[in-house]
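Participant: sequence plus the predicted model coming up.
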There are 2 protein chains.
Amino acid sequence: MPMFTDSRGRYRTPRFNAVRSRLRDSGLRPTRQRLDLGHLLFSHGDRHVSAEQLHGEAAGEGVRVSLATVYNTLRQFTEAGLLREVRVDGSRSFFDTNTGDHHHFFIESEERVLDVPAEKLLLDRAPEPPEGYEVAGVDVVVRLRRIGS
Amino acid sequence: MPMFTDSRGRYRTPRFNAVRSRLRDSGLRPTRQRLDLGHLLFSHGDRHVSAEQLHGEAAGEGVRVSLATVYNTLRQFTEAGLLREVRVDGSRSFFDTNTGDHHHFFIESEERVLDVPAEKLLLDRAPEPPEGYEVAGVDVVVRLRRIGS
DNA sequence: ATTTGTGCAAATCGTTTGCATCTGA
DNA sequence: TCAGATGCAAACGATTTGCACAAAT
């Protein structure tokens, strides 16, 4: 909740240095909201969040950001390669701080996304695409349900 | 374009008999629009269509159906097990006349969905789900791009 | 000083729904 | 007859965008 800003309102706290340099390395200006959102995203291990969730979390920490800015920021982070978008069901998008190549569990009833541990590889090989096409990527989503429901 | 209706406006043509019994077997009343849409869907081999596409197709054949009815009908057919919904990207839904268990290619640039031939099996095994959960299903989408783009 | 980001509200897109009107059995 | 379908328009939820204002370099 405390706002670690200097006299000009800038974030000078060491807490944010990691995020700040990450942003700079990606060519993104370290604005207050990008630092705050980046901190929420990248300083708590691997995460899968929706825009709505992140917006709520920010609000809970006393950080003022509009939902539109959360959406825009998630998109920018994704374009900069800091996040990876995961589409598990038709309607909602999740953003994964693990940008590596891996697959997902999706627990529909809880609106929750989990990484499939890399060792438990699912894929033998991508299937040969039809003539004239190449594989751009493979998305695997394992839908889960609570046992006995 | 010709409307094969009897004096009361009913579809009496043999063309529609297959669809008619399919609908009846699923407990769906064979209405004019269900017969027309069913005919478009089920008399041309395996198909993957979006609501928009099917609506356009119907219009092209001189069949009057509202887009809302197309959506409702696709949903009813899906619930009746005549179709399978395929979510390839976040925004659009496709409906697959092949209701068996199989995976999909998705050509983003053409808004097109193809079946992955069953022989080219991708999956070794579903990964073990976390404690307390069971696998409800596995969705695999292989995204394709035209070579050299 | 200039460029780039932000907030808000309005716009968009695919899809669903409410309701008065038709239609099939 | 009359439950069940349809059409339309309005409602929806997630996401994007236009524009005046604010902040970063």
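Facilitator: Structure received.
Participant: so, low pLDDT: which residues of chain A?
Facilitator: Confidence mapping of chain A against pLDDT under 70 gives the ranges A:1-13, A:119-124.
Participant: next to DNA strand D, which bits of it? Give me the list.
Facilitator: Counting by Cβ under 7 Å from any atom of the strand, chain A comes close to DNA strand D at A:8-10, A:29-32, A:50-52, A:67-68, A:71-72, A:75, A:91-93. Using the backbone N, CA and C atoms, a C-beta is placed for each residue, glycine as well.
Participant: and chain B, which of those contact it?
Facilitator: Contacts with chain B are made by A:91, A:92, A:93 out of those, judged by Cβ under 8 Å from any Cβ of the partner chain.
Participant: the residues of chain A next to DNA strand D: which ones sit near DNA strand C?
Facilitator: With Cβ under 7 Å from any atom of the strand as the criterion, the residues of chain A next to DNA strand D include A:29, A:31, A:32, A:68, A:72 near DNA strand C.
Participant: which ones among the residues of chain A next to DNA strand D map onto helices?
Facilitator: A:32, A:51, A:52, A:67, A:68, A:71, A:72, A:75 (DSSP state H).
Participant: can you get me a residue count around the last one?
Facilitator: It refers to residue A:75. Neighbour count of residue A:75, defined by other Cβ atoms under 10 Å in any protein chain shown: 15.
Participant: can you map out the strands along chain A?
Facilitator: Remark: strands assigned in chain A by DSSP state E are A:48-49, A:84-87, A:93-96, A:104-107, A:112-115, A:133-146.
Participant: using TSV, lay out these together with mean neighbour count.
Facilitator: Listed next are those as TSV, based on neighbours: other Cβ atoms under 10 Å in any protein chain shown:
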stretch	mean neighbour count
strand A:48-49	22
strand A:84-87	18
strand A:93-96	21
strand A:104-107	21
strand A:112-115	17
strand A:133-146	18
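Participant: up against DNA strand C, what does chain A have?
Facilitator: For chain A, the contact set with DNA strand C under Cβ under 7 Å from any atom of the strand comprises A:28-29, A:31-34, A:64-66, A:68-69, A:72-73, A:90.
Participant: let's see 10 Å
Facilitator: Counting by Cβ under 10 Å from any atom of the strand, chain A comes close to DNA strand C at A:23, A:27-37, A:55, A:58, A:63-73, A:76, A:80, A:90-91.
Participant: and the gap between residue A:145 and residue A:105?
Facilitator: Distance of residue A:145 to residue A:105, computed by Cβ to Cβ, to the nearest Å: 11 Å.
Participant: what do these two both touch?
Facilitator: Counting by Cβ atoms under 8 Å, 6 or more residues apart in numbering or on different chains, the shared contacts of residue A:145 and residue A:105 are residue B:133.
Participant: tell me the buried residues within the residues of chain A next to DNA strand C.
Facilitator: Among the residues of chain A next to DNA strand C, those classed as buried by neighbour count (16 or more other Cβ atoms under 10 Å in any protein chain shown) are A:23, A:28, A:30, A:32-37, A:55, A:58, A:63, A:65, A:69-70, A:73, A:76.
Participant: nice, that's everything, thank you.
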